[in-house]
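In: kindly generate the corresponding structure for this input.
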Amino acid sequence: MNLSEYGHFAELIRAGLRRILIPTVFREDYLLALRALSRNRTAEAYVKMLDRAQRFSAKVDFSSYNAVHEILARANTVQEPTDARFVDDI
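Out: Here you go, the predicted model:
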């Protein structure tokens, strides 16, 4: 991890937040929101997408590998968007 990443995570921690995970299954939502932001200067979709990803990320218990693996598997995080849907209400 480089210093800029550390600073970013420190800011999240200071605000009582965690890292934001963008699961593979959520990739299309992420890319569409970025496209809307960069092409149309419309931030609403980007903010909603990040809010959803942050709320999911906050549910992940990073205290053990098994806990992380179970949550990520139930949420279909490593599935392709064409094969599964993102289950963030775990």
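In: okay, buried residues for stretch 24-41 please.
Out: Going by neighbour count (16 or more other C-beta atoms under 10 Å), the buried part of stretch 24-41 is 24-26, 29-30, 33, 36-37. (Glycine included, C-beta is placed from N, CA and C.)
In: Val78 - nearest residue in space that isn't next to it in sequence?
Out: Counting by C-beta to C-beta, 6 or more residues apart in numbering, Thr24 is the residue found nearest to Val78 once chain neighbours are left out, at 5.3 Å.
In: which residues touch that neighbour?
Out: 77-81 (C-beta atoms under 8 Å, 6 or more residues apart in numbering).
In: who wins for neighbours among those residues?
Out: Compared across these, Thr77 has the highest neighbour count, 20 neighbours, by other C-beta atoms under 10 Å.
In: now that residue, what are its backbone angles?
Out: In this entry, Thr77 is assigned phi and psi values of phi -60, psi -30 (degrees, to the nearest 10).
In: you'd agree it is up against Arg27?
Out: No. Using C-beta atoms under 8 Å, Thr77 is not in contact with Arg27; the gap is 10.3 Å.
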